[in-house]
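Q: Build the 3D model from these lines:
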Amino acid sequence: MTLTRRQVLASIGAVSVGLASPAIVRAAGSRTKLIVGTQDIAIQETVIASGVLDGLPFDLQWAVLPGPAAQLSGLYSKALDVGLMGDTSLIIEQGRAKLDWTEENAPLQIVAGWRNSDRAYPPVVTVVRNDAKINGLEDLRGRKWAYNFGGFNYLQYVLSRLKAGLKATDIQPVQLTDQFAAAAAFNAGRTDVYSGGLGAVHATVEKGDARILLISDELDIPSLTVFSARGDVIRDEAKAVALTEFLGRVRQHWEWFPSNLATVEKIYIEKLKQTPGDAKFFAANAASRFFPLNAELIRREQRIADVLFESGDLPKKIKVDIEFSQKFNNATSPAA
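A: This is a model prediction of the structure:
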C-alpha cells in the first residue's frame, strides 16, 4: 500500500537535543531538521542509548515505517530525508523507473551502509523446511517460496532461484508485504522456502525444523543495510552538514555496540518485547560496522544489476554508480 504524507508524518517521533552550531543554522535562524526513517525502533533505541546524540546541533526526528516500499514512499513524498533499506533497493528502483537516472537527476542516493562481518550471523539467507525434504538446489522446483519485494531480501530470492536454474514460473512464488510476513508464512509451514533476514526464522532453524540452504555471501551479495537520502537533501548545504554529523555519531554508536550487548539485549526485551533468548541472538546479530562506499562495492553492485537485467528481472540496463554518494565516507569510514 502506498503511504500518504499524512500517514508518514503521523508515525514520526522527535528527538531534539543540544545547541545549534552556526554551520547548520539556516539564514532565517531556524535549526536544521533531519527526518530519518527506520523499519523498526531497534537502531533508533540503541543509537539513543549509546549517548552519541548528546549535544546534537540540529533537530532529529525518527519515523518507523516497516518495509523498503514504505521507506521509498516516505522519501518520494519528502516526508523523510533519509530512509533505511537494503543496498540493492535502488537497483530495483532505478531499473524500473520510467525516466533514466543521471548524476544530475537521481532522486535518491545511498549515503552509508553497514553489516555484521561475522559469518555466524549472515545478513540474508535462503532457508528450507526439513519436512519439505529439499536436499539441494535441484529440489526447489515447484516449491512454495516466501519472500518480500524490494531490497536484498528480494535479491536473495532472485539469485537463489537463478542459481538453481529456475524461472519464476518454475516455482510457486509467495510475495508478501515484508520479511516478517514472509517469515511468518514459512515458520507456520505454509511455504517450503524463505528468502530474507535470518533473525525472523532463526527460532525455526534452531528447533531443527529448517536449515539454511544458501547465505548471501555465497551469492556475492554485499548485504549492506543502508541509509538512502533524497538528492535534494544531499545538495542542501545545511542538511548535508547535519547528515554528516548524524552519520559520524552513528559510527560512534557502532563502536559502542559490541561492548554493550547487555544493554542492547535489555532494550530488545523492554522496547521490542523480545524473549531473553531472542534478544541475545538479535543483539549479537545486529553488531555491525560501516563499510566505505567505494569502487569495489560499486563493482559488485553493478554485477548484480547486470545479472538482474540478463534474467529479465530488470527491464533495462543501468549504471549503479549514480546510486551512491561518496560524500559522507569520511564520516562513516574515515580510515578507509
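Q: okay, and for this protein, where does confidence drop off?
A: Across the chain, the ranges flagged by pLDDT under 70 are 1-29, 150, 336.
Q: hey, where'd the helices end up in it?
A: Assigned by DSSP state H, the helices in the chain fall at 5-10, 42-49, 68-76, 89-95, 151-163, 179-187, 202-206, 231-235, 237-256, 261-270, 276-286, 295-311, 329-332.
Q: Alpha carbons of stretch 241-251, as CSV, please.
A: Listed next in CSV are the C-alpha coordinates belonging to stretch 241-251 (Å, rounded to 0.1, in the frame of the first residue of the first chain):
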residue,chain,number,x,y,z
VAL,A,241,26.2,19.1,7.2
ALA,A,242,23.6,17.7,9.6
LEU,A,243,23.6,14.3,7.8
THR,A,244,27.4,14.2,8.0
GLU,A,245,27.2,14.9,11.8
PHE,A,246,24.5,12.2,12.2
LEU,A,247,26.4,9.5,10.3
GLY,A,248,29.6,10.2,12.3
ARG,A,249,27.6,9.8,15.5
VAL,A,250,26.0,6.6,14.3
ARG,A,251,29.6,5.3,13.6
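Q: roughly how far out does that stretch sit from the chain middle?
A: Mean-position distance between stretch 241-251 and its chain equals 18 Å (CA atoms, centre = their mean, to the nearest Å).
Q: what does that stretch rub up against?
A: Outside stretch 241-251, the residues within contact range by CB atoms under 8 Å, 6 or more residues apart in numbering are 23-24, 32, 34, 36, 47, 52-53, 56-58, 60, 81-82, 111-112, 227, 229, 233-234, 290, 328, 330-333. For glycine as for every other residue, the C-beta is placed from the backbone atoms N, C-alpha and C.
Q: do that again at 7 Å, thanks
A: For stretch 241-251, contacts defined as CB atoms under 7 Å, 6 or more residues apart in numbering pick out 23-24, 32, 34, 47, 52-53, 57-58, 60, 82, 111-112, 229, 233, 290, 328, 331-332.
Q: Quick check: which of the helices of the chain is nearest to Pro173?
A: helix 151-163 (8.0 Å; CB to CB).
Q: okay, the angle between that closest one and helix 295-311?
A: Interaxial angle, helix 151-163 versus helix 295-311 (axes from the mean of the first three to the mean of the last three CA atoms, to 10 degrees): 60 degrees.
Q: Run through the neighbouring helices and strands of helix 151-163.
A: With contacts defined as 3 or more CB pairs under 7 Å, 6 or more residues apart in numbering; DSSP states H and E, the packing partners of helix 151-163 are strand 82-86, strand 124-129, strand 144-148, strand 193-197, helix 295-311.
Q: In it, which residues are buried?
A: Judged by neighbour count using 16 or more other CB atoms under 10 Å, the buried positions of helix 151-163 are 151-162.
Q: and if you look at stretch 247-265?
A: By neighbour count with 16+ other CB under 10 Å, stretch 247-265 contains the buried residues 247-251, 253-254, 256-257, 260, 264-265.
Q: thought Leu60 was touching Arg31?
A: No. Counting by CB atoms under 7 Å, Leu60 does not reach Arg31; the two are 10.2 Å apart.
Q: more neighbours, these two?
A: A direct count of neighbours by other CB atoms under 10 Å for Leu60 and Arg31 places Leu60 higher, at 23 against 18.
Q: Could you check how far the more buried one is from Thr169?
A: From Leu60 across to Thr169, the span is 46 Å (CB to CB, to the nearest Å).
Q: now Met85
A: 28 Å.
Q: now swap in Lys239 and tell me
A: 45 Å.
Q: which of the two has more neighbours?
A: Lys239 (22 against 7).
Q: That one: what's it in contact with?
A: Applying CB under 7 Å, 6+ apart to Lys239 gives the contacts 32, 34, 81, 233.
Q: same thing with Asn116?
A: By CB under 7 Å, 6+ apart, the contact list for Asn116 reads 123, 285, 287-288.
Q: Mind telling me the two of those residues farthest from one another?
A: Pro123 and Ala287 (11.9 Å).
Q: So which of those two has more stuff around it?
A: Pro123 (27 against 18).
Q: angle of the strand ranked longest in the chain against helix 295-311?
A: The longest strand of the chain (DSSP state E) is strand 108-115. Strand 108-115 runs at 110 degrees relative to helix 295-311, counting by the same axes, to 10 degrees.
Q: Please give the centre-to-centre distance between strand 108-115 and its chain.
A: Worked out by CA atoms, centre = their mean, strand 108-115 lies 9 Å from the chain centre.
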